[in-house]
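Novice: got a structure for you, letters missing:
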């Protein structure tokens with residue numbers, strides 16, 4: 001079997017969990033004996049191809065007003081034009097059509113299609129190749145891909161987003177199978193009318209692969225007068241809930257704590273946060289080595305104020321035996337270890353402190369760390385790869401049972 005994976009960015013251009021998950025999928029499929037080629041966009045150089053860890057990677061120079069991953073601001077008009085072009089970017093579609101003709105994949109698995117264009121679905125459909133689409137975020141529903149307004153998650157699409165999404169919604173009818181990395185993100189799209197003709201909609205969770213064995217690591221509750229070592233790991237952005245966390249901690253008088261913040265963000269925003277919540281107990285570390293960071297905290301807090309599609313950092317903490325107190329929004333509740341159930345209500349932020357107390361009490365049980373590690377292992381690379389291979393084979397069988405409709409079609 002040969003699979004063509006299309007995603008906006010690919011290794012080493014990784015800005016978030018979607019890119020990491022795409023790389024792990026491609027490399028895992030290769031190890032499972034599947035032939036893989038990857039198509040991604042780039043803002044520099046010419047169209048080119050290379051081999052990375054067994055997968056052939058096509059990097060296509062973006063054809064639009066600007067490269068959205070470069071620093072700099074753009075006018076509202078420029079953004080509107082950019083998004084209009086992105087819906088059916090025929091220049092990128094022609095490039096993809098050529099690659100599909102050359103590679104002859106059995107399945108096309110699309111993911112984030114910004115810069116590549118959802119017109120990729122038309123191209124693959126015209127070539128008679130079954131399409132699996134993996135939903136990592138809200139790009140299809142919202143131009144910011146976050147569905148946030150005024151720092152709060154949008155309960156549904158606003159008028160502007162509905163207009164923005166309509167062409168994508170219509171195009172999504174060409175997708176044969178839709179995969180959500182969580183049940184929440186899948187349901188959001190289905191409720192908005194996406195993938196109306198898909199033969200299957202299903203959830204395949206992202207996986208986590210530890211960079212080192214943490215089995216021997218020991219975590220224990222601080223003794224004596226030692227404060228509780230809290231941590232927050234990831235990009236420092238408003239939607240990640242750093243301000244909610246700091247406001248609750250600084251207002252509380254029941255906990256003795258320190259907070260380490262590992263990750264970078266917009267320098268101006270980070271400096272504003274440091275000034276607004278100045279406190280010697282809070283330490284902004286910038287970019288960190290996650291395993292090293294997790295070995296030095298007692299509890300990880302994931303206080304997202306947006307509907308996080310998945311929340312890979314939760315599994316990363318569990319793999320090191322670290323309890324997680326998480327937001328009740330988005331896909332996070334689906335991966336929180338069920339016995340601990342350490343979820344706080346974002347609508348009632350004062351519940352956060354109570355959950356931190358519960359997590360602190362958990363540290364008295366020496367078996368809890370192994371229990372959390374075992375939970376993380378349920379989200380293994382093998383489990384993810386097996387689920388995708390099974391889905392690909394199912395879609396190929398469905399396509400083979402159809403009358404031959406692709407005869408005489410032109411991929412572009």
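Specialist: In hand now; what should we look at? This one's a predicted model, so the numbers in the text were calculated from it and none came from an experiment. Numbers count the residues shown, from 1 in each chain.
Novice: which parts of the biggest helix by length in the chain are buried?
Specialist: Secondary structure assigned by DSSP state H gives helix 381-401 as the longest helix of the chain. For helix 381-401, burial by neighbour count (16 or more other Cβ atoms under 10 Å) applies to 381, 384-385, 387-389, 391-392, 394-396, 399. C-beta here means a position set from N, CA and C on the backbone, and glycine is covered the same way.
Novice: confirm that residue 325 sits in a helix.
Specialist: No - Residue 325 is assigned strand when assessed by DSSP: H, G, I helix; E, B strand; the rest coil, not a helix.
Novice: partner residues bridging it?
Specialist: Judged by DSSP bridges, the bridge partners of residue 325 are residue 301.
Novice: run through the residues that contact it.
Specialist: Listed by Cβ atoms under 8 Å, 6 or more residues apart in numbering, the contact set of residue 325 reads 299-303, 342-344, 352, 355-356, 359.
Novice: looking at these, spot the one nearest residue 318.
Specialist: Distance to residue 318 across those (Cβ to Cβ) is lowest for residue 300, with 9.0 Å.
Novice: can you give the domain ranges for the chain?
Specialist: Following automatic domain parsing, the chain resolves into domains at 2-207+380-401, 228-376.
Novice: least confident pick among the buried residues of helix 381-401?
Specialist: When the buried residues of helix 381-401 are sorted by pLDDT, the bottom entry is residue 399 at 75.
Novice: that one against residue 132, yeah?
Specialist: No - contact criterion Cβ atoms under 8 Å: residue 399 and residue 132 do not qualify, at 11.3 Å.
Novice: shared neighbours, these two?
Specialist: Common neighbours of residue 399 and residue 132 (Cβ under 8 Å, 6+ apart) are residue 176.
Novice: contacting residues for the nearest residue to residue 399 once chain neighbours are set aside?
Specialist: Nearest non-adjacent residue to residue 399, counting by Cβ to Cβ, 6 or more residues apart in numbering: residue 130, 4.5 Å away. Counting by Cβ under 8 Å, 6+ apart, residue 130 touches 106-108, 176-177, 395-396, 398-399.
Novice: could you do residue 108 as well?
Specialist: Neighbouring residues of residue 108 by Cβ under 8 Å, 6+ apart: 3-6, 100, 120, 124, 129-132.
Novice: looks to me like it is in a helix.
Specialist: No - assessed by three-state DSSP, residue 108 does not belong to a helix; its assignment is strand.
Novice: now the helices: where do they sit in the stretch 251-400 of the chain?
Specialist: 267-276, 290-294, 312-319, 332-335, 351-362, 368-377, 381-401 (DSSP state H, counting those that start in this stretch).
Novice: burial of the residue nearest to residue 393 when sequence neighbours are not counted, as a residue count?
Specialist: Excluding the flanking residues, the one nearest residue 393 by Cβ to Cβ, 6+ apart is residue 1, at 7.4 Å. Other residues lying near residue 1 total 15 when counted by other Cβ atoms under 10 Å.
Novice: just to revisit the earlier point, can you list the contacts of residue 108 in TSV and add distance to residue 243 and secondary structure?
Specialist: Output for the contacts of residue 108, formatted as TSV (distance: Cβ to Cβ, whole Å; DSSP: H, G, I helix; E, B strand; the rest coil):
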residue	distance to residue 243	secondary structure
3	42	strand
4	42	strand
5	37	strand
6	36	strand
100	46	helix
120	38	helix
124	42	helix
129	46	coil
130	45	coil
131	40	strand
132	38	strand
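Novice: of the residues you listed - the most surrounded one?
Specialist: For those, neighbours tallied by other Cβ under 10 Å; top is residue 6, 31 neighbours.
Novice: now stretch 273-286: average pLDDT?
Specialist: The model assigns stretch 273-286 a mean pLDDT of 95.
Novice: mind listing what's buried along that stretch?
Specialist: So for stretch 273-286, counting by 16+ other Cβ under 10 Å, buried means 273, 277, 282, 284.
Novice: next one: stretch 39-53
Specialist: For stretch 39-53, by 16+ other Cβ under 10 Å, it's 39-42.
Novice: same question, stretch 28-38
Specialist: Neighbour-count burial for stretch 28-38 [16+ other Cβ under 10 Å]: 28-30, 34-38.
Novice: now do stretch 59-70
Specialist: 59-65, 68.
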